[in-house]
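Colleague: attaching a predicted model along with its sequence, questions to come.
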Amino acid sequence: MSKLEYSDGPILEIDRLSISFFTRLREIPAVMDFSVSVMPGEAVGLVGESGCGKSTVALGVMQDLGKNGRIVGGSIKFKGRDLGEMSVEELRDIRGNEIAMIYQEPMASLNPAMKIGKQLMEVPMIHEGVSEDEAYKRALEVVTDVRLPDPERMLNSYPHQLSGGQQQRIVIAMALMSKPALLILDEPTTALDVTVEAAVVELVKDLGKKYGTSMLFISHNLGLVLETCDRLCVMYSGEAVERGSIEDVFDEMQHPYTQALFRSIPLPGADKNARPLVSIPGNFPLPHERPKGCNFGPRCDYFEAGRCDAGDIAMADVPGNDRHATRCLKFQEIDWNAPITVGEQKEKTAPGKVVLKMDQLKKYYEVAANALFGGGARKVVKANETLSFEARESETLAIVGESGCGKSTFAKVLMGLETATDGEILLDGQNIEQTPIEARDTKTISDVQMVFQNPFDTLNPSMTVGRQITRALEIFGIGDSDAERKNRMLELLDLVKLPRAFADRMPRQLSGGQKQRVGIARAFAGGARIVVADEPVSALDVSVQAAVTDLLMEIQRNEKTTLLFISHDLSIVRYLSDRVMVMYLGHVVELGDTDQVFSPPYHPYTEALLSAVPIADTSVEKEHIVLEGDIPSAMNPPPGCPFQTRCRWKSEVPGGLCEREVPPVRHLQAGHQIKCHLGDEVLERMTPVIKIAAE
Amino acid sequence: MDPLSWTGSIAFLNPLLFAALGLLAISILIWILIGAVTPEDRSITNVGGTLSLSAGPQGLAALAVRVTFLASAVILLAYIVLGLFMGTGAGIIGALAQRMLPVWIALILLFTLSISFKRRLGLYGKLFDSPIGMIGFGLVMFWVFTGIFGAFDMIITHDPLAQASGMKNKAPGTPLRGAEEGDFAWYLLGGDNLARDVFSRMVKGAWEVVKIAPLATIFAFMVGITLGLPAGYYGGKLDTFLSFLANLILAFPVILLFYLLVTPEIVATGLPQYMAVVLFAFPMVFFGVLLNARYRTQPQKNLMILAVVLVPLFLMYMCLINAAGSKIDVWPLDFFDVPGGILVVFVSVVFVNSPTVFRIVRGLTMDIKTRDYVAAAQTRGERPWYIMLWEVLPNARGPLIVDFCLRIGYTTILLGTLGFFGLGLPPESPDWGSTINEGRKLLSVYLHPALPPAIALLSLVLGLNLLADGLREESLRD
Amino acid sequence: MGLFILRRVGVMILTALCLTFVVFFMTNLYPNLEKLAKTQGNFRMSDEAVASWLEKGGYLQSTPKKYMEWIGVAPSYQHVAEDGTVTGRCITPGMDPAEAPRFCGILQGYWGYSTVFKDEVSSIVATRLSLTGTLMFWVMVVMVPSALILGVLAGMKEGSATDRTLSTFAITTTATPEYVSGVLFIAIFSSSAVGLKWFKGTATSAMESPNIENFLLPVLTIALYGMGYIARMTRASMTEVMTAQYIRTARLKGVSFPNIVMKHALRNALIAPFTVIMLQFPWLLNGVVIVETLFNYKGFGWTLVQAAGNNDIELLLGVSVVSVLVVLITQLISDIGYVYLNPRIRIS
């Protein structure tokens, strides 16, 4: 089957599109008055927080809105033809052939019971009616193109035999099988680790150029869009609020929401004491509770009653810029270059005495080699290998690493959910590494508490918020009577800046950020002195992240808490931590002050990690380091240095030392240590990965 | 006195009903055909953005189904309403409708109250958003009320055990020969082969089910939950052992188990009583642990609450397992005795049901224990039983409630099976299984003794299944 | 894989031993033995006579010992009467006690003697089992394909007209136990009261020559009850698969709807019901017993009722062994089949 006739003009033209979902009770508008066009070979980013309707736009383009979704206005034209007027057969010819899509969860988007080769070959066989041999050849070609090792074996495997990164490459290969004109990518890297993400992003960019494909790139991550796209469209609550080229929007933003968004993400230069983040006040409006007029009005600094809430606001072109438009009535009145009214600056608190000391901590697990069939050989997984560090009062120590690096295991051992295999954990000079949580006294337990990652999972869904906090108080033996505890619970709600009325709410009535605040209140119920925060904001929307981070910082400042901040996001780590510990496959590869870790000499892994993190700032120049392959499984680590399989400096170490021996810990400066074989002169040669261009 | 016809003077409704049912069948057929022929759903751009989602032939067919269904329902209602007022004037149907008056009142009260407060009633309230669930709930409550009122001798027309001369195998609507003043003058659904009133036996049979099935299911759930939670939570050897036991019972053909367990000889050995000692202890253990885990931190309050709950439970327990003159006769304060036959039926039904509940609870626990709020509870030093009962169990309630409804249905079927084989219950018992068994012997000649209990059982179990389906649908909705 | 099967078989044997021991224990409780003695001897036996009768048969040994003898791993009990004649389980009348085998249990192929049918248990079980085998074969032929088709059709498009109608049908059949549907069928199709008389209300003649007229109703009765359950499982599994992301991938790849169902959904959707079908066997046995009683088809289930009702201990034991084995073997097949169908487990 041939492709559609196509002369010039945009590949995809969405004009005043409105999409609604219909429930039994009401119509819920998901996308309103949305326009965007994608030119041939162009990559357009669609950015917004969760629930802003960006994925709905993608499904609208695919004409796959399900039973309840309907396009209620506007049109979507592909190569000049309205997709909404096509028959089912015509649409089927276009799907997968002319427009292809890449999804967020690679594992879920591949058929688990079908070999990968078959899933790939299906595409040209349906659309071009080619023979099986021809299709196989094509599949082989594309799999080679997405840089997967051993393509023939890949085609002959099932999806579960591949790692996450490999699966996403297969999904990309599948999308490219019939050389589509338009590629829609819906958060394609969210489920992947940072270093793997960087490689996939690079691959998409290269292949887009090679195949001349236009792209619609959907993401919540501004940095990622900066790296991949030519133009972008910022969405808020179902509407496009600003649209334009990357440079225009990043450097000359013309909408208060875009501005607020940029001010709430930690860019290089932000600092928790000197230049704190500015969070967006209020909450994202629910789809059926949107305000009249400007949707962003209630949260906007420039809001003008009687004008901004008068009626619908249309997109207006920004004069002087190329195809730059904004949905703001006041964009020409606002002084966009006015300096940020810096939030109150705070004194840097000095770290106090050492409260927690880890010495040569080891945690090994023994697992059956084959989970289902059991028995047979047993394997030792070294989840933590000789962890040593100290944490002081009112200090923030960040623990950075990707999946499988052992940071969660470390948290479990510290909390007492597991006991250590070897080594020591000293809390105020007392050993607790062999004391499981049941054997710890109330004081120890309430001293070391934890804030969890997933806000939707952190609270028991069938207990009121107040009850959950009160229970923590009961367990920690605080308060002598129910009334006293209730009082204390309300104070804790005040502490995390939630209204007292929330005590009687069920968790499902709270937003993600609010739940996370309750989680924090619960952790501090017993006056915790050490708080392990396991990616506390990574599942939250950008605008909420800043507020929750600030809250943590503020409580820490007042309570002199030691914060162990586990994260994979180096931007936020740089923003809030005093010291950083980088982990890879159970080893601490680098440990030092934030400045020491973020400037050369680096451990090669730190270097790659820094390069991989997308930064939403056009003035930042990054050195481009892409790691080969995936993170090895902790079940089956490489011999010698854990990082040697992906290290780009390996050739600088003579005699294959990296493959034979685990590197010793080396102390570079005061408090800065790395685990690497590289010679001093090589370390000296390293240049900063992130440079802020001189303006 | 004349024999009653089925519909009496409201026979004019019959053609209407048949027409409505016929149309309903036809429209359903058309609906399916159209659904199969028209291709997959295409989003229709309608400029006004109106709410009308369904249009075209498919929507029309759906509308036709709805209308004819409503029409049939209205006509059926008319039978009942007319029957209520005309009584025997409207034939057997009318007389039945009138006898059921308390049930109708109770149902109407229940439904009006529930629907008017449905927004405040949680999952139960949401049930009234689902037509399937409402139909199911209606059927179930119909039999529950019938059973309860029947137990107070309100609905029945005759003594279900009394035999009237000359009424053997008589057709429905036959007038009672030599009826005295105050007697109900007809056998509404005829007489069985021992000349007893089929209608009254059916109503009494409902009570047999209503009193045993839910209670037995609750006990099975107590056992299943108390064992399933630790098996799923701890895993390891405990899990292996308990799962092996559960599989052992599950691999036992149910009918064989019943034949081995529910015999007078086994009752004589006291085995059912020993099993009861174990099985009935579970509710006490369950509530004891539940409350102790919750109030552990406040010892005084804990002691008081435990005493208030456990002492009555213990008394009940001792009365249940203790029976004068049996193998277990140690407790002086025995207020009531459970007949050996009922006890053995009860015990075996609980015994057969609990492994399945165990497996469900175990699976749910294994899923829920990976959640962060469980980890949060662990890191604040909660005891395992608190986590299992207060953090895990409440969040497993959705699937468990659904299964509870299904399981009552299954228990009803099991009770019927027991009755069908004449196991356990006394031979003259009016329960549905026994009645079907007696009726089937002359089935090729006389239908009326076997059909009413068969249809009753079918509709009750169907109601429970529909109720479970409605609950599942509604609990998945948000 | 080999190790896996070996472990499963090991667990299976252990389960079988446990279950047969339970049956053995319950059938050998004293009241049962007393009843046996009285039916075999005479009903007016004194307690002492009962005890000596039991003593003579070796029934008064400890239960584990009797069980081991019955299995055939312990030497069989021999009773030496006062006059010196030796009787025992292994000694058939007229045999020289010295030549009689020492072991005679299940393992040696000696299943005992039925007191009701006056025949060897093994031969009764064999003939009855083959009759039930025929019944089950036809039940499977009717039930499995129709249940799967029903479930797949209903689950293909959730909430569609087909789905609603078929689901209602499936729910109704699961709510109709065999003794209800059987009674209804007989009432409608074979009673003189309704007068259709299309089929026969008994299946006794089907034991020699099964045909539609005498065999359809029993087969249908069993099949219907199981069918609803499997169909609902299949539907649930199918709807779940149809909302999976890889189905969306396939749809947005341009695969046509029939191909999505056939190539992408079906295999994934059938994994769960396969297990269910296999685990259906213990329940089917229930149905078999009811239906064989109801339709007077003298197969395995009917034998079970006769054995249990008449306290025929040896026959009941034999029947239990067979039914427990059938259940366990189907479980084993279900485990292996599940692993085979699911590549995620097979190749890891």
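Modeller: Received the coordinates, thanks.
Colleague: pull the number of nearby residues for the closest residue to chain B within chain A.
Modeller: In chain A, the residue that lies nearest chain B is A:Val72 (3.5 Å; CB to the nearest CB). C-beta: built from backbone N, CA, C; applies to glycine. In terms of burial, A:Val72 registers 23 neighbours under the definition other CB atoms under 10 Å in any protein chain shown.
Colleague: quick one: is the host helix or strand of it near chain C?
Modeller: Here A:Val72, judged by DSSP states H and E, is contained in strand A:69-78. No. Judged by CB under 8 Å from any CB of the partner chain, strand A:69-78 and chain C are separated, with a smallest distance of 13.2 Å.
Colleague: and the average pLDDT for that strand is what?
Modeller: Per-region confidence: strand A:69-78 scores 86 on mean pLDDT.
Colleague: whatever helix or strand comes next after that strand pairs with which strands?
Modeller: Per DSSP H and E, strand A:69-78 leads on to strand A:81-82 as the next helix or strand towards the C-terminus. Using DSSP bridges, strand A:81-82 pairs in its sheet with strand A:69-78 (antiparallel).
Colleague: around chain B, which positions in the stretch 101-250 of chain C sit nearby?
Modeller: Within the stretch 101-250 of chain C, the positions adjacent to chain B are C:157, C:160-162, C:165, C:167, C:171-172, C:174-177, C:179-180, C:182-184, C:186-187, C:190-194, C:201 by CB under 8 Å from any CB.
Colleague: do that again at 7 Å, thanks
Modeller: Selection of the stretch 101-250 of chain C residues close to chain B by CB under 7 Å from any CB of the partner chain yields C:160-162, C:165, C:171-172, C:174-177, C:179-180, C:183-184, C:186-187, C:190-193, C:201.
Colleague: all helices for the stretch 201-348 of chain C, in order.
Modeller: For the stretch 201-348 of chain C, helices defined by DSSP state H, counting those that start in this stretch occupy the ranges C:212-242, C:245-252, C:257-259, C:266-279, C:281-295, C:300-309, C:313-341, C:343-346.
Colleague: next one: the stretch 51-200 of chain A
Modeller: Remark: helices of the stretch 51-200 of chain A, listed N- to C-terminal, are A:54-61, A:88-94, A:106-109, A:116-127, A:132-145, A:151-155, A:164-176, A:194-211; assignment by DSSP H, counting those that start in this stretch.
Colleague: A:Gly48 is nearest to which of those?
Modeller: A:Gly48 lies closest to helix A:54-61 among the helices of the stretch 51-200 of chain A, at 5.0 Å (CB to CB).
Colleague: can I get the closest one in CSV, CA atoms only?
Modeller: What follows is helix A:54-61 as a C-alpha-only set of coordinates in CSV (Å, rounded to 0.1, in the frame of the first residue of the first chain):
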residue,chain,number,x,y,z
LYS,A,54,-0.9,16.3,26.4
SER,A,55,-1.4,12.5,26.0
THR,A,56,-5.0,13.1,25.0
VAL,A,57,-3.8,15.2,22.1
ALA,A,58,-1.6,12.3,21.0
LEU,A,59,-4.4,9.8,21.1
GLY,A,60,-6.6,12.3,19.3
VAL,A,61,-4.1,12.4,16.5
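Colleague: which other helices and strands contact it?
Modeller: If you count contacts as 3 or more CB pairs under 7 Å, 6 or more residues apart in numbering or on different chains; DSSP states H and E, helix A:54-61 packs onto strand A:12-22, strand A:27-38, strand A:69-78, strand A:182-186, strand A:214-219.
Colleague: 6 Å instead?
Modeller: strand A:27-38, strand A:182-186 (3 or more CB pairs under 6 Å, 6 or more residues apart in numbering or on different chains; DSSP states H and E).
Colleague: wait, does the last one contact chain C?
Modeller: This means strand A:182-186. No. Using CB under 6 Å from any CB of the partner chain, no contact is recorded between strand A:182-186 and chain C, whose separation bottoms out at 9.0 Å.
Colleague: which residues are contacting that strand?
Modeller: When contacts are defined by CB atoms under 6 Å, 6 or more residues apart in numbering or on different chains, strand A:182-186 is touched by residues A:11-12, A:55, A:58, A:99-104, A:175, A:213-218.
Colleague: mean confidence for that strand?
Modeller: For strand A:182-186, mean pLDDT is 89.
Colleague: B:Lys237 is in contact with B:Ala231, correct?
Modeller: No. The pair B:Ala231 and B:Lys237 does not pass the contact test of CB atoms under 6 Å, sitting 10.4 Å apart.
Colleague: closest to the centroid, which residue in chain C?
Modeller: Most central in chain C under CA atoms, centre = their mean is C:Leu285, positioned 3.6 Å from the mean C-alpha point.
Colleague: what sits against that one?
Modeller: Contacts were defined as CB under 6 Å, 6+ apart; by that measure C:Leu285 touches B:253, C:323.
Colleague: what's the distance between it and B:Thr217?
Modeller: C:Leu285 is 23 Å from B:Thr217, where distance means CB to CB, to the nearest Å.
Colleague: close to chain C: what parts of chain B are there?
Modeller: B:31-32, B:35, B:40, B:248, B:251, B:253-256, B:259-260, B:265, B:268-269, B:413, B:420, B:436, B:440, B:443-444, B:447, B:450, B:454, B:457-458, B:461-462, B:465.
Colleague: what's the longest helix in chain C?
Modeller: In chain C, ranked by residue count with DSSP state H as the criterion, the top helix is helix C:121-156.
Colleague: contacting residues for the residue nearest to A:Tyr136 when sequence neighbours are not counted?
Modeller: Excluding the flanking residues, the one nearest A:Tyr136 by CB to CB, 6 or more residues apart in numbering or on different chains is A:Met121, at 5.9 Å. Contacts here follow CB under 6 Å, 6+ apart; on that basis A:Met121 touches A:135-136, A:139.
Colleague: and stretch B:9-29, what's its mean pLDDT?
Modeller: On average, the pLDDT along stretch B:9-29 is 89.
Colleague: if you count neighbours, what's buried in it?
Modeller: Within stretch B:9-29, the residues that qualify as buried by neighbour count (16 or more other CB atoms under 10 Å in any protein chain shown) are B:10, B:13, B:17, B:20-21, B:23-24, B:27-28.
Colleague: of those, which pair is most distant in space?
Modeller: Pairwise distances among the buried residues of stretch B:9-29 were taken by CB to CB; the largest, 26.7 Å, belongs to B:Ile10 and B:Ile28.
Colleague: so what's the residue in the stretch 101-250 of chain A that chain C sits nearest to up against?
Modeller: Across the stretch 101-250 of chain A, no residue is closer to chain C than A:Ala108, which sits at 4.0 Å (CB to the nearest CB). Contacts of A:Ala108 were listed using CB under 6 Å, 6+ apart, and they are C:Gln245.
Colleague: one step back: more crowded one of B:Ala231 and B:Lys237?
Modeller: Applying other CB under 10 Å to B:Ala231 and B:Lys237 shows that B:Ala231 carries more neighbours, namely 24 against 8.
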